[in-house]
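1. with the sequence up front, the predicted model follows.
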Amino acid sequence: MLSNLTLVIPTCRRPDSLRRLLDFLERKKVDCRILVLDSGEPAAVARNRAAIAAAKLAIEHVEYAVDIQPSEKLRLGSGRISTPFATLCEDNDFVLPAGLQACLQKLRHDPLAAAVQGHCLIFQDGPNGQFDLMDARSAVPGIKGKNPLARLVEKFRFHQEIDYGLYRTDVLRDLLDREVGVESRLGRALISSALTAIAGNILNVDQFSHTRNIGSPAGNDREHALECFARDAAGVFVEYASCRGMLRDAILSRSDNRYDAASIEHVLDLIHLTYLTTSAPPDVVRFMMEQELVGVPFATYWSDDRVQIPLQDAGVADQPRRSAITRLIGSMGGPIRAKVSDRSGHLFANTNVRRGDRYYRIHQGFADWCNNRYGSNARAAAETMMVQLDLFALDGAKPARMTTA
C-alpha cells in the first residue's frame, strides 16, 4: 500500500517518543520505508538503535552530530530518500496510514500535483495517561494554477501553512535545500509552503493523515507574523529580502513561468503585504501599542486574550482555540454541545478501554472543528474519528465506543 513512500522521522534526545511511534507503526503494519535521522547524545542514540533493531519495519537509521542544525539534518537526510514520494513526522507525533494512503493515491494520479495534504489532529499527552484532543487543522483548500505565480497568489489567499504534507520527493528535496539559509521558524514555514505551490498543484483529502503534538517544544514551535514583526521588524525585512530572492529564482527556474523578474518581485511584495496586514487586526495592534506605552512586557500582553482571541476569530492564530470550561453532553446523534461545568477548561469524553477507563479530554477547539465540519453528525463523527485514528494503539489497548463523561 505505501511501499513507494518514505516516512522521514527526525529525532533528537527523545528515545521514548521514537519507540512509541515505531511501536504504533508496527501495530498498524505500515509497509512504507522509514528513515530515522538521529542527532541525539550517545545514550539516546544507543536506545534508538535497540528500538529500531527490535521493530519489524523497514528502517534506515542515520546518525548525525549532536550540534547539527535541524534544517541541515533534514536537507542531508532527504538525499537518502529512495522512493518517489515522502512525508515528514516528528518523533513524538504520529501518522495515520489510511490518510497517507489516500494522499498517496491522489498524488500518484495527478502528475501536475506537488503535494497532497490531509487534516491534522492537534493533540497533547495529558497526565496519568490522558490524551488531550486540542484542535484540528483542515487540509489546505486545493490550490491549482496554470503557472507558479498564479498558484502562489492562490496559496496566500488562505492564511494557512502546509504542515506535513505528502510530497513528491524531488519537491521535498528542493524546498529543504532552499530553506536551509532561512533562520526564523516563520520564514521556513512560509518558504516551505510557497515553494510547494511554485512546484505544482497542492491537493487535499478529507481524512486525517498527520498529527501535531503541541505538548513539546517541537510541536509548539510556530511563530506568528505579527509576533515576529513586533519583536524584530528590522530582522523581518532583512529575512524577507532574502526569501523574496529565493522565491523569485524558484519561479524563474520553472518552465511554466511567463513573467519577468521585476513583475515577479512586485507580485511577491503585494502577496506578503497582504499576508502581514491580515495577520494584524487593527484592534489588536491598537491594544499592543497601548500596552507598550504603559510599559507592559511583550510576553505579558502577547498572551492576553485581547490579542489571542481576535487573532483566532480572524483565522490567523497558530495556537489551539481557547474557550470556557466545558463538558461533553448531548445525544449520540446530535452535535457536540458544551456547557461550563467545572474549572478545568476541558471538554471531557470517557472512553472504556481494556486497561480500565481512560479519559480522552476533548477541548473546545476540537469540538468546534467537529461542529463546523459535521453539523448535526458531529458527535457520531467524533466517535468514528477516534476509532479511525486508532489512538488506543499508542498503548496497545483496544478501542471502544465513546460515552458521555
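-> Noted; the coordinates are in hand.
2. where does the prediction get shaky in this structure?
-> Scanning the chain for pLDDT under 70 picks out 128-129, 159-160, 163, 216-222, 314-360, 379-405.
3. most distant residue from the middle of it?
-> Val294 (36.4 Å; CA atoms, centre = their mean).
4. who's in contact with the host helix or strand of Asp177?
-> Per DSSP states H and E: Asp177 is located in helix 169-178. Residues outside helix 169-178 that contact it (CB atoms under 8 Å, 6 or more residues apart in numbering) are 6, 71, 74-75, 78-79, 81, 83-86, 88, 114-115, 191-192, 195-196, 199-200, 246, 250. Quick note: C-beta positions are derived from backbone N, CA and C, even for glycine.
5. test my guess that Ala98 contacts Val205.
-> No. The pair Ala98 / Val205 is not scored as a contact, 9.9 Å apart, by CB atoms under 8 Å.
6. so for those two, which residue has more residues nearby?
-> Val205 (22 against 17; other CB atoms under 10 Å).
7. the closest residue to Phe156 other than its chain neighbours - how many residues pack around it?
-> In this structure, Phe156 finds its nearest non-sequential neighbour in Ile271, 4.8 Å apart by CB to CB, 6 or more residues apart in numbering. Ile271 has 19 neighbouring residues, counting by other CB under 10 Å.
8. which ones are touching Ile271?
-> So Ile271 contacts 152-153, 156 (CB under 8 Å, 6+ apart).
9. what's the closest non-adjacent residue to His119?
-> Nearest to His119 is Phe208, by CB to CB, 6+ apart, at 4.7 Å.
10. tell me what whatever helix or strand the one you found lives in is packed against?
-> Here Phe208 sits within strand 201-213, counting by DSSP H and E. Here strand 201-213 touches helix 97-108, strand 113-125, helix 148-155, helix 378-389, going by 3 or more CB pairs under 8 Å, 6 or more residues apart in numbering; DSSP states H and E.
11. still on that earlier bit, now the angle from the host helix or strand of the residue nearest to Phe156 to helix 148-155?
-> Using DSSP H and E, Ile271 sits within helix 261-278. Compare the direction of helix 261-278 with that of helix 148-155 by axes from the mean of the first three to the mean of the last three CA atoms, to 10 degrees and you get 10 degrees.
12. alpha carbons of helix 261-278, as CSV, please.
-> Taking C-alpha atoms only, helix 261-278 is exported to CSV below (Å, rounded to 0.1, in the frame of the first residue of the first chain):
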residue,chain,number,x,y,z
ALA,A,261,11.9,39.1,-12.6
ALA,A,262,10.6,42.6,-11.9
SER,A,263,6.9,41.5,-12.3
ILE,A,264,7.5,38.5,-10.0
GLU,A,265,9.1,40.7,-7.3
HIS,A,266,6.3,43.2,-7.5
VAL,A,267,3.6,40.5,-7.0
LEU,A,268,5.6,38.8,-4.2
ASP,A,269,5.7,42.2,-2.4
LEU,A,270,1.9,42.6,-2.7
ILE,A,271,1.3,39.0,-1.6
HIS,A,272,3.4,39.4,1.5
LEU,A,273,2.0,42.8,2.3
THR,A,274,-1.5,41.3,2.3
TYR,A,275,-0.3,38.4,4.5
LEU,A,276,1.2,40.8,7.0
THR,A,277,-1.8,43.1,7.2
THR,A,278,-4.2,40.2,7.5
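13. what comes up buried for that helix?
-> 264-265, 267-268, 271-272, 278 (16 or more other CB atoms under 10 Å).
14. stretch 105-122: end-to-end distance?
-> 24 Å (CA to CA, to the nearest Å).
15. and it, what's buried?
-> Buried, per 16+ other CB under 10 Å, within stretch 105-122: 106-107, 113-122.
16. with distance to Lys28 added, can I get those in TSV?
-> Formatted as TSV, the buried residues of stretch 105-122 follow (distance: CB to CB, whole Å):
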residue	distance to Lys28
Lys106	20
Leu107	20
Ala113	25
Ala114	27
Ala115	23
Val116	20
Gln117	20
Gly118	16
His119	18
Cys120	18
Leu121	15
Ile122	21
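17. closest to Glu26 among those residues?
-> Leu121 (20.5 Å; CB to CB).
18. count the neighbours of Asp38 for me.
-> 24.
19. domains of the protein?
-> 5-213, 225-313, 327-404 (automatic domain parsing).
20. can you tell me which of those is most buried?
-> domain 5-213 (a mean of 19; mean count of other CB atoms under 10 Å).
21. of all the helix elements in this protein, which one is longest?
-> helix 233-252 (DSSP state H).
22. which other helices and strands does that one contact?
-> helix 148-155, helix 169-178, helix 185-199, helix 225-231, helix 261-278.
23. looking at these, which is nearest to Ala54?
-> Comparing the helices and strands packed on helix 233-252 by CB to CB, helix 169-178 comes nearest, at 28.1 Å.
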